[in-house]
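Undergrad: For reference, the sequence and a predicted model appear below.
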Amino acid sequence: MTKQVPAKRSWKKGGCHCGAIAWEAALDDDIVADECNCSICEKVGFQHVIAPASCFRLLNGKEQLTTYTFNSGIAQHYFCKHCGVKSHYIPRSNPDGFSLNLRCMDVTQFNSVDIRPFDGKNWEANAGKLAQLSKDDG
């Protein structure tokens, strides 16, 4: 059975560098990505596009993923075992969804992309600003 996609969204593809991991997500055509300055995101250049779990499907590579956790252990950072790219993960701020790395998607799939800074160095004070992003409004 095919999932219903809310009218304002369409399926966008993403994945790792070597192609072992491929996924698609029902995302708006005009998006805002958060560029976080926390200790891990800044080092790997992650640009967050957060989606509800119901709007994400892993197409291939589940067995090629490895998981990294730190600090609270809540966030599940998924990396490709082959190329090391983190194309998506389950964030602590949105455990009911996925954070997708805009850098692992072809931006021509979108009408517009706005990148805004997110102060992840002060995560506890700012995480609440992201909580609604994984709510399925469709």
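TA: That came through fine.

Undergrad: can you confirm residue 78 is in a strand?
TA: Yes: membership of residue 78 in a strand is supported by DSSP: H, G, I helix; E, B strand; the rest coil.

Undergrad: got a list of what it touches?
TA: Taking Cβ atoms under 8 Å, 6 or more residues apart in numbering, we find residue 78 in contact with 21, 65-67, 86-90. The C-beta positions use only the backbone N, C-alpha and C, and glycine is treated the same way.

Undergrad: Can you flag the buried ones in the residues you listed?
TA: 21, 65, 86-90 (16 or more other Cβ atoms under 10 Å).

Undergrad: now those residues as a markdown table including distance to residue 101?
TA: Shown next, in a markdown table, are those (distance: Cβ to Cβ, whole Å):
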| residue | distance to residue 101 |
| --- | --- |
| 21 | 11 |
| 65 | 14 |
| 86 | 6 |
| 87 | 5 |
| 88 | 6 |
| 89 | 8 |
| 90 | 13 |
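
Undergrad: quick one: secondary structure of residue 48?
TA: Going by three-state DSSP: residue 48 is strand.

Undergrad: wait, it sits on residue 100?
TA: Yes: contact criterion Cβ atoms under 8 Å: residue 48 and residue 100 qualify, at 7.5 Å.

Undergrad: Outside of stretch 30-41 itself, list whatever touches it.
TA: 42, 46-50, 70, 77, 102, 110-121, 123, 130.

Undergrad: Going through these, which ones are buried?
TA: Buried among these by 16+ other Cβ under 10 Å: 46-50, 77, 102, 110, 113, 118, 120, 123, 130.

Undergrad: So of the residues you listed, which two are at opposite extremes in space?
TA: 110 and 123 (26.7 Å; Cβ to Cβ).

Undergrad: So which residue is dead centre in the protein?
TA: Compute the mean C-alpha point of the chain, and by Cα atoms, centre = their mean the closest residue is residue 100, 1.6 Å away.

Undergrad: and it, what is it in contact with?
TA: Residue 100 touches 14, 23, 25, 27, 48-51, 56, 87-88, counting by Cβ under 8 Å, 6+ apart.

Undergrad: give me the low-pLDDT residue ranges for the chain?
TA: 1-7, 137-138 (pLDDT under 70).
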